[in-house]
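Provided below for reference: sequence and predicted model.
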Amino acid sequence: MAQPHTITHAFWTVVGEGAIGLLSAARLHLAGYPVQLHRRTAGPFDFVFQSAVSSQSLSLPSQIQQPYSSILLPVKAYAVLDAVKQLLPLLSDNAQLVLSHNGMGTIEQLLPLLKPEQGLWFLSTSHGAFKPDHSTVVHSGLGQSVLGALNQAALAQQQSVEQAMQAALGPLVVMADIWPALWQKLAVNAVINPLTALHQCKNGELSNSKYAAAVELLIEEFVLVAKAAGQDFSIEAIQNRVTQVIRQTADNYSSMQQDFAKGRRNELDYITGFLLKQAEQHQLQLPAHQAIYQLLLQKSPR
Ligand code: PAF
């Protein structure tokens with residue numbers, strides 16, 4: 001007699017207590033996945049998960065199961081390397097690690113640290129979430145996500161990671177080559193984030209004609225360096241995408257604007273700084289990105 005088909009869900013570990021992390025952990029839990037948090041303090045984490053349809057009190061365990069086999073790491077780019085170094089001794093030999101952050105430059109740092117069977121993924125999401133207080137997460141904007149494998153070992157467990165990320169941050173588009181999507185997201189972040197941080201304005205302000213020349217220069221220079229790095233975009237395609245995001249997020253303050261407003265550490269080195277490093281490698285000058293980098297560096301917390 002045929003055995004009933006049972007789906008066994010992998011045990012997921014979500015790192016940190018950020019808004020996207022808690023949103024993902026809540027959605028994984030509600031979809032039937034066993035899930036724990038990895039955070040500074042052990043013990044259960046109680047929080048309220050508010051979405052457009054409901055408000056639920058959840059309690060998720062922290063650090064109860066090791067080794068970690070499936071890990072979602074939605075932490076800021078500047079914190080990724082240290083976080084992964086701390087996690088390495090806790091990972092199974094075939095662990096699957098999913099990164100999700102703004103900016104670039106972390107993947108190259110991490111790949112050499114992993115064992116041959118440990119998979120690395122990148123997920124880029126447009127879901128909106130925020131924490132009005134320490135123990136509440138609000139799913140403020142329905143979005144979607146793109147996911148891509150970054151090494152061969154990831155492909156060995158493709159189905160299980162894709163299914164879980166669909167539950168956590170779907171609808172999901174899985175890309176055989178995630179790099180063009182990462183560069184396109186970088187373009188958006190390299191225009192909107194530094195300008196809104198410098199002028200301390202909402203994203204929508206950037207559609208004002210007084211910013212048109214700066215936006216145009218940043219886009220032109222982005223296209224130049226992306227091409228040298230093997231990513232061929234037209235100026236028009238990037239303009240359209242940047243304009244679309246400015247329009248769609250007109251009422252939002254960008255993550256970098258908020259970091260500067262609150263005097264917090266920021267992602268400048270992984271956005272504009274990453275572009276400048278790429279430009280240097282390809283012997284290119286990016287005067288507009290260089291100028292905004294210097295201006296923001298002076299305002300960055302030491
Ligand atoms: O960093 C951000 O705030 C976001 O990635 C974006 C798309 C710029 C919207 O604010």
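Done, it's in.

And the helices in the protein, which stretches?
Remark: helices assigned in the chain by DSSP state H are 19-30, 77-87, 107-110, 152-155, 158-169, 179-199, 212-228, 235-248, 255-261, 272-281, 287-299.

Now do the second one: everything it contacts.
For helix 77-87, the surrounding residues in contact (Cβ atoms under 8 Å, 6 or more residues apart in numbering) are 15-16, 38, 68, 71, 73, 75, 97, 99, 101-106, 109-110, 113, 265, 267, 269-270. Using the backbone N, CA and C atoms, a C-beta is placed for each residue, glycine as well.

Name the residues of the stretch 1-150 of the chain found near the ligand, please.
For the stretch 1-150 of the chain, the contact set with the ligand under Cβ under 6 Å from any ligand atom comprises Asn102.

Could you tell me how many residues sit around Gly148?
Other residues lying near Gly148 total 19 when counted by other Cβ atoms under 10 Å.

Look up how far Ser300 lies from it.
Separation of Gly148 from Ser300 (Cβ to Cβ, to the nearest Å) stands at 31 Å.

which of the contacts of helix 77-87 count as buried?
Using 16 or more other Cβ atoms under 10 Å as the burial test, the contacts of helix 77-87 include 15-16, 38, 68, 71, 73, 75, 97, 99, 101-106, 110, 267, 269-270 as buried.

Name the residue closest to the centre of the protein, please.
Nearest residue to the geometric centre of the chain (Cα atoms, centre = their mean): His101, 2.0 Å.

so what's that one up against?
74-77, 80, 267, 270.

Please tabulate those residues in TSV, including the columns pLDDT.
Output for the contacts of His101, formatted as TSV (pLDDT from 0 to 100):
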residue	pLDDT
Pro74	98
Val75	96
Lys76	96
Ala77	97
Val80	98
Glu267	97
Tyr270	98
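
which among these gets closest to Gly230?
Among those, Tyr270 lies closest to Gly230 (Cβ to Cβ), at 19.1 Å.

I'd like to know how far that closest one sits from Val137.
For Tyr270, the distance to Val137 equals 24 Å [Cβ to Cβ].

Lys185 against Asn102, yeah?
Yes - between Lys185 and Asn102 there is a contact under Cβ atoms under 8 Å: 7.5 Å.

count of neighbours near the residue in the stretch 51-200 of the chain positioned nearest to the ligand?
For the stretch 51-200 of the chain, the residue closest to the ligand is Ile192, as judged by Cβ to the nearest ligand atom, at 4.2 Å. Around Ile192 there are 24 other residues, counting by other Cβ under 10 Å.

on that earlier part again, now render the helices of the chain as a markdown table, adding distance to Gly119.
Output for these, formatted as a markdown table (distance: least, Cβ to Cβ, whole Å):
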| stretch | distance to Gly119 |
| --- | --- |
| helix 19-30 | 18 |
| helix 77-87 | 13 |
| helix 107-110 | 11 |
| helix 152-155 | 3 |
| helix 158-169 | 7 |
| helix 179-199 | 17 |
| helix 212-228 | 26 |
| helix 235-248 | 29 |
| helix 255-261 | 27 |
| helix 272-281 | 23 |
| helix 287-299 | 33 |
